[in-house]
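Participant: Predicted model and sequence below, questions to follow.
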Amino acid sequence: MQLDRKALNRLLALNDKQLETLILALTTQYGLDLSRFQVRPGDMVALRRAIQNASDEDLLELTRQLGGGQ
């Protein structure tokens with residue numbers, strides 16, 4: 001899975017329940033670690049802020065965690 005700005009914009013277009021469900025699936029199925037973004041589970045405001053403010057370095061790290069950097 002490759003994350004880029006376009007993918008992040010698609011995530012931001014989801015409603016809170018859809019986004020929460022997707023993030024939960026990514027954390028359980030792929031071991032995605034959101035600790036670097038200081039986001040607590042269920043804190044959708046913080047999650048959306050983290051998505052909006054993600055740097056290119058953040059995107060690379062998330063892509064690596066999701067197996068896209070292998």
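Facilitator: Right, received. Where do you want to start?
Participant: Could you pull out the buried residues of stretch 34-52?
Facilitator: 34, 39, 47-48, 50-51 (16 or more other CB atoms under 10 Å). For every residue, glycine as well, the C-beta is placed using N, CA and C.
Participant: Just name the closest of these to Q2, please.
Facilitator: Top of the list for closeness to Q2, among the buried residues of stretch 34-52 and by CB to CB, is I51 at 15.5 Å.
Participant: so the closest one sits right up against L11, yeah?
Facilitator: Yes. With contacts counted by CB atoms under 8 Å, I51 reaches L11, the gap being 5.6 Å.
Participant: from the chain's centre, how far out does stretch 42-54 sit?
Facilitator: 8 Å (CA atoms, centre = their mean, to the nearest Å).
Participant: can you list contacts of it?
Facilitator: Outside stretch 42-54, the residues that touch it by CB atoms under 8 Å, 6 or more residues apart in numbering are 8, 11-12, 16, 19-20, 23, 34, 37-40, 62.
Participant: Just the element for P41, please.
Facilitator: Of the helices and strands defined by DSSP states H and E, none includes P41.
Participant: low-confidence ranges in this protein?
Facilitator: Along the chain, segments meeting pLDDT under 70 span 1, 68-70.
Participant: All the helices of it, residue numbers only.
Facilitator: For the chain, helices defined by DSSP state H occupy the ranges 5-13, 16-29, 44-52, 56-65.
Participant: related to what we said a few turns ago, show me which pair in the buried residues of stretch 34-52 is furthest apart.
Facilitator: Counting by CB to CB, the most remote pair of these is L34 and R48, 12.5 Å apart.
Participant: before we move on, back to that, columns distance to D56 on top of the contacts of stretch 42-54, output as TSV?
Facilitator: Converted to TSV, the contacts of stretch 42-54 look like this (distance: CB to CB, whole Å):
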residue	distance to D56
L8	11
L11	16
L12	17
D16	26
L19	21
E20	25
I23	20
L34	18
F37	15
Q38	19
V39	19
R40	25
L62	11
